[in-house]
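Peer 1: one predicted model, sequence on top.
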Amino acid sequence: MSQKLVSLNPDLSRLRAEGLDISIGKSRHLFIRDIPYVTSARVVKRGIIASALDLAGEATIPPETHVVFFVGEPPCDEHGSPLPGVSPNSNQPLGDGMIPNHQISRVPKTGPTPGKYPDYYQKIMTLVAIVCSPAQAIDPTATAFTHPVVVPDEEDDSVFNYIDTAATKAGIVIANRKLEGKKIAIVGMGGTGAYVLDFVAKTPAAEIHLFDRDVFLNHNAFRCPGAASLDDLNKKPQKVNYLDAIYSRMHRKIMAHDCFIDDTTVEQLKGMDFVFVCIDKGTGKRLIVERLEEWGIPFVDVGMGIQLGEDNTLGGIVTATTSTPAKRDHFRVRVQFSDGEAANEYSQNVQIAELNAMNAALAVIKWKKFCGYYDDVTREHYCAYTIRSNQLISEDVHEA
């Protein structure tokens with residue numbers, strides 16, 4: 001509940017985004033820990049500021065009091081004299097076994113509502129500055145903005161092992177919620193599939209299913225995000241297990257499936273909200289495409305056609321072809337179901353990490369547009385980047 005209250009209220013979220021170590025106790029007090037202050041002996045120590053939290057349901061309202069509590073010795077100025085407005089108070093239990101030693105009273109005299117803080121951001125930032133400034137006069141490195149690692153509450157159903165403060169800091173929490181509850185699958189965990197995972201693991205997708213039966217080998221290490229160790233390679237892990245182990249450190253709902261998609265396994269894609277098709281084998285791709293169309297599931301197919309030309313210069317294109325229930329007629333024109341027996345440029349299977357990353361980025365951006373996360377005026381269902389001309393084209397537009 002503590003983290004939920006913080007995420008629901010912009011003033012509390014802003015305090016966390018600034019880097020303060022904030023939490024909400026069961027007694028509904030707002031705690032700010034690790035606050036540097038000066039003792040009467042002119043020693044810099046760390047204390048806790050606590051404020052009663054006034055709520056209307058789960059929304060904060062302007063603080064009713066300008067007083068905060070302080071756990072620690074009396075906070076002083078840089079000369080060791082008690083700060084104005086500090087007085088003893090050990091009669092106010094704060095919950096969780098915590099009792100303050102003092103209280104600090106500071107009435108705001110400026111702003112839109114003199115005498116009253118408009119929100120908790122203004123109140124806490126004002127009091128933190130009052131307490132910390134003397135400490136910084138003695139030790140310029142002393143700071144209350146410690147940016148602690150924040151973990152979800154035990155009862156929190158977050159898909160992350162720690163709080164997404166990037167979304168909070170950027171003010172895009174509501175936009176991120178458009179990605180919540182989505183079950184997505186990545187078929188093929190080669191270079192592009194691995195980069196797709198790298199991107200979607202940072203979203204609040206409800207489940208991320210990985211499908212591949214190949215072993216993670218040396219050449220995979222040079223196409224995937226991150227840096228595999230020699231020990232990693234010597235263990236010859238399955239691709240899905242290797243990537244699952246890495247990205248489960250961040251996202252709790254990654255499901256590794258050590259199998260290819262064929263007639264015996266394709267039913268596992270049923271019920272997905274979106275599928276990333278990151279394989280080059282035409283036979284398997286045809287089966288997946290036919291079933292996803294039958295089940296009305298949107299998907300995006302990624303492709304890369306790179307050739308080695310004169311002077312050992314690489315050229316070619318990177319594509320992302322989207323198919324949704326509203327527009328599928330273009331797909332078979334854009335995507336071939338060949339297994340690459342012929343000596344064409346695709347059968348060379350040239351892959352370069354930055355092109356894998358770009359291929360994955362185009363696919364993930366399209367998925368996010370489909371979810372309403374990104375603005376989408378073009379509504380293209382085919383996007384291609386050409387290396388030689390450095391052009392990005394968008395075609396197969398769906399107007400509706």
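Peer 2: Okay, I see it.
Peer 1: contacts and neighbour counts: CA atoms only from here.
Peer 2: Fine.
Peer 1: next, the distance between the ends of stretch 151-163.
Peer 2: 5 Å (CA to CA, to the nearest Å).
Peer 1: just the residues contacting that stretch, thanks.
Peer 2: 1-4, 149-150, 204-206, 249-253 (CA atoms under 8 Å, 6 or more residues apart in numbering).
Peer 1: residue ranges with poor pLDDT in the stretch 51-200 of the chain?
Peer 2: Scanning the stretch 51-200 of the chain for pLDDT under 70 picks out 154-155.
Peer 1: ranges for the strands of it?
Peer 2: With DSSP state E, counting those that start in this stretch, the ranges of strands along the stretch 51-200 of the chain come out as 55-56, 59-60, 67-71, 86-88, 102-105, 183-187.
Peer 1: and the stretch 251-400 of the chain, by the same measure?
Peer 2: 254-257, 274-277, 299-308, 314-323, 380-386, 391-397.
Peer 1: deepest-packed of those strands, please.
Peer 2: Ranked by mean neighbour count, those are led by strand 274-277 with a mean of 24 (mean count of other CA atoms under 10 Å).
Peer 1: please enumerate residues in contact with that one?
Peer 2: 182-188, 193, 269, 285, 297-302, 363, 367.
Peer 1: pLDDT on that strand, on average?
Peer 2: The pLDDT scores in strand 274-277 average 98.
Peer 1: what strands flank it, and is each parallel or antiparallel?
Peer 2: strand 183-187 (parallel), strand 299-308 (parallel) (DSSP bridges).
Peer 1: how far does the first one sit from its chain's centre?
Peer 2: Taking the mean of its C-alpha atoms, strand 183-187 sits 17 Å from the chain's own mean (CA atoms, centre = their mean, to the nearest Å).
Peer 1: same question, stretch 369-378
Peer 2: 18 Å.
Peer 1: quick one: the helices in the protein?
Peer 2: 2-8, 10-18, 120-138, 165-170, 173-176, 191-200, 218-221, 230-234, 239-247, 282-294, 331-334, 353-370 (DSSP state H).
Peer 1: out of the ones you listed, which gets nearest to residue 68?
Peer 2: helix 120-138 (8.0 Å; CA to CA).
Peer 1: buried residues, that closest one. List them.
Peer 2: 120-124, 127-128, 130-136, 138 (16 or more other CA atoms under 10 Å).
Peer 1: packing partners of it?
Peer 2: Here helix 120-138 touches helix 10-18, strand 29-38, going by 3 or more CA pairs under 8 Å, 6 or more residues apart in numbering; DSSP states H and E.
Peer 1: will you turn the ones you listed into TSV that also has distance to residue 231, mean neighbour count and mean pLDDT?
Peer 2: Rendered in TSV, the data for the helices and strands packed on helix 120-138 read as follows (distance: least, CA to CA, whole Å; neighbours: other CA atoms under 10 Å; pLDDT from 0 to 100):
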stretch	distance to residue 231	mean neighbour count	mean pLDDT
helix 10-18	38	21	91
strand 29-38	39	24	95
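Peer 1: any chance of a markdown table for these, columns distance to residue 307?
Peer 2: A markdown table is the format used below for the helices and strands packed on helix 120-138 (distance: least, CA to CA, whole Å):
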| stretch | distance to residue 307 |
| --- | --- |
| helix 10-18 | 46 |
| strand 29-38 | 57 |
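Peer 1: out of the ones you listed, the one nearest residue 314 is which?
Peer 2: Closest among the helices and strands packed on helix 120-138, once you apply CA to CA, is helix 10-18, at 43.5 Å.
Peer 1: how big is the angle separating that closest one from strand 29-38?
Peer 2: Helix 10-18 runs at 40 degrees relative to strand 29-38, counting by axes from the mean of the first three to the mean of the last three CA atoms, to 10 degrees.
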